[in-house]
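Colleague: sharing a model prediction with you, sequence too.
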Amino acid sequence: MPVYNGGFHLLEAINSILNQSYSNFEFIIINDASTDDSGKILKKIADNRVKLYSFTKHLGVAKSLNKAISLAKGKFIARMDADDVAYPDRLMYQLNFMKVHPRTVLVGSWVELISDQGVFIRNKSYPILYEQIKRIIISYNPFVHPTLLMKSDIFQTLGGYDETLNGAEDYDLVLRISKKFEVQNIPKVLLKFRFNISSVTYKNIKQIELQSFKARLKALSLYKYSLLQGLLLLKPFISLCVPEFIKKTILQKNNFK
């Protein structure tokens, strides 16, 4: 879990992991030079499963995650964000799924969208099967980053997150992994995903969209996606031309409908 000025929802997010029905894990948290009370909150956590690392210089999500995962000892890596809430059986359900599907190296899930105040908005589903995901992944990212659980050896083999694509590092990762290995989404809601108009993602929506487009171009040039799949870039390219205020209005409307 990378943390940057996430104090308001931080304790709820952390407790949702510490209170998992599956308890045999290490919880690596990176305090990425927060300037709010995140540091004080983190230092008060008394659980020997928590491994806290604090930086004095802000690194960004991609670098923070690479650092955290380089310190991890487990066979699997589970992602979590500092403002979301994991369902109590999230880890157990995902680990059991991986045991039943040994060829799958990365798995995500469906999510429950909630407001900044934690009020239910709606459930959101994503493509489930590998063949479905392969067909559409150039068009849009079919995974919610903080729902991911992946095999750590695959992550290390592929070189981790691309730190030049901060904001789309997760998209680039799943584009790389899904080209070579089987990936899936569990058709079950396992995380409360907070839609927050004050979030870094929402505030920098155009920059992240640009980074995502770069990730797609990288996938076509380096990961050998087909030229036919390249045609799917037309819609994201047109979307890049939409003014930011319109895009934010559409995003709010779609998430609250």
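Modeller: Good, I have the coordinates. Residues are numbered from 1 along each chain as shown.

Colleague: contacts, neighbours, all on C-alpha from now
Modeller: Noted.

Colleague: what ranges do the strands span in this structure?
Modeller: Counting by DSSP state E, the chain has strands at residues 2-3, 27-32, 50-55, 76-78, 85-86, 104-114, 120-124, 149-151, 182-194.

Colleague: how about these in CSV, adding mean pLDDT, mean neighbour count and distance to residue 205?
Modeller: Shown next, in CSV, are the strands of the chain (pLDDT from 0 to 100; neighbours: other C-alpha atoms under 10 Å; distance: least, C-alpha to C-alpha, whole Å):
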stretch, mean pLDDT, mean neighbour count, distance to residue 205
strand 2-3, 96, 23, 19
strand 27-32, 97, 22, 21
strand 50-55, 96, 15, 26
strand 76-78, 97, 21, 25
strand 85-86, 98, 26, 22
strand 104-114, 98, 23, 18
strand 120-124, 95, 15, 20
strand 149-151, 98, 20, 25
strand 182-194, 98, 22, 16
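
Colleague: redo these as TSV? Include distance to residue 161.
Modeller: Written out in TSV, the entries for the strands of the chain read as follows (distance: least, C-alpha to C-alpha, whole Å):
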stretch	distance to residue 161
strand 2-3	13
strand 27-32	15
strand 50-55	19
strand 76-78	13
strand 85-86	23
strand 104-114	14
strand 120-124	25
strand 149-151	13
strand 182-194	17
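
Colleague: quick one, which of these gets closest to residue 137.
Modeller: strand 182-194 (11.2 Å; C-alpha to C-alpha).

Colleague: list the helices and strands the closest one packs on?
Modeller: Helices and strands touching strand 182-194, as assessed by 3 or more C-alpha pairs under 8 Å, 6 or more residues apart in numbering; DSSP states H and E, comprise strand 85-86, helix 90-100, strand 104-114, helix 130-136.

Colleague: and the contacts of the shortest one?
Modeller: Going back to what we said before, that points to strand 85-86. Contacts to strand 85-86, defined as C-alpha atoms under 8 Å, 6 or more residues apart in numbering, come from residues 12, 13, 16, 17, 190, 191, 192, 193.

Colleague: among those, which two are most distant?
Modeller: 12 and 190 (15.3 Å).

Colleague: okay, which residue is most central for this protein?
Modeller: Averaging the C-alpha coordinates of the chain gives a centre point, and the residue nearest to it by C-alpha atoms, centre = their mean is residue 145 (1.5 Å).

Colleague: let me see the contact set for it.
Modeller: For residue 145, the residues meeting the contact criterion (C-alpha under 8 Å, 6+ apart) are 79, 80, 108, 170.

Colleague: could you do residue 106 as well?
Modeller: 148, 149, 150, 151, 182, 183, 184.

Colleague: take those and lay them out in CSV including distance to residue 72.
Modeller: Output for the contacts of residue 106, formatted as CSV (distance: C-alpha to C-alpha, whole Å):
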residue, distance to residue 72
148, 15
149, 13
150, 13
151, 12
182, 23
183, 21
184, 23
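
Colleague: for residue 24, find the nearest of the helices and strands packed on strand 182-194.
Modeller: Among the helices and strands packed on strand 182-194, if distance is taken as C-alpha to C-alpha, the winner is helix 90-100, at 9.9 Å.

Colleague: only alpha carbons, please: show the closest one as CSV.
Modeller: Below are the C-alpha coordinates for helix 90-100, written out as CSV (Å, rounded to 0.1, in the frame of the first residue of the first chain):
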residue,chain,number,x,y,z
ARG,A,90,-10.9,-10.7,-0.2
LEU,A,91,-7.5,-12.3,0.3
MET,A,92,-8.9,-15.8,1.1
TYR,A,93,-11.2,-15.8,-1.9
GLN,A,94,-8.4,-14.7,-4.3
LEU,A,95,-5.8,-17.1,-3.0
ASN,A,96,-8.3,-20.0,-3.2
PHE,A,97,-9.1,-18.9,-6.8
MET,A,98,-5.4,-19.0,-7.7
LYS,A,99,-5.0,-22.5,-6.2
VAL,A,100,-8.0,-23.8,-8.3
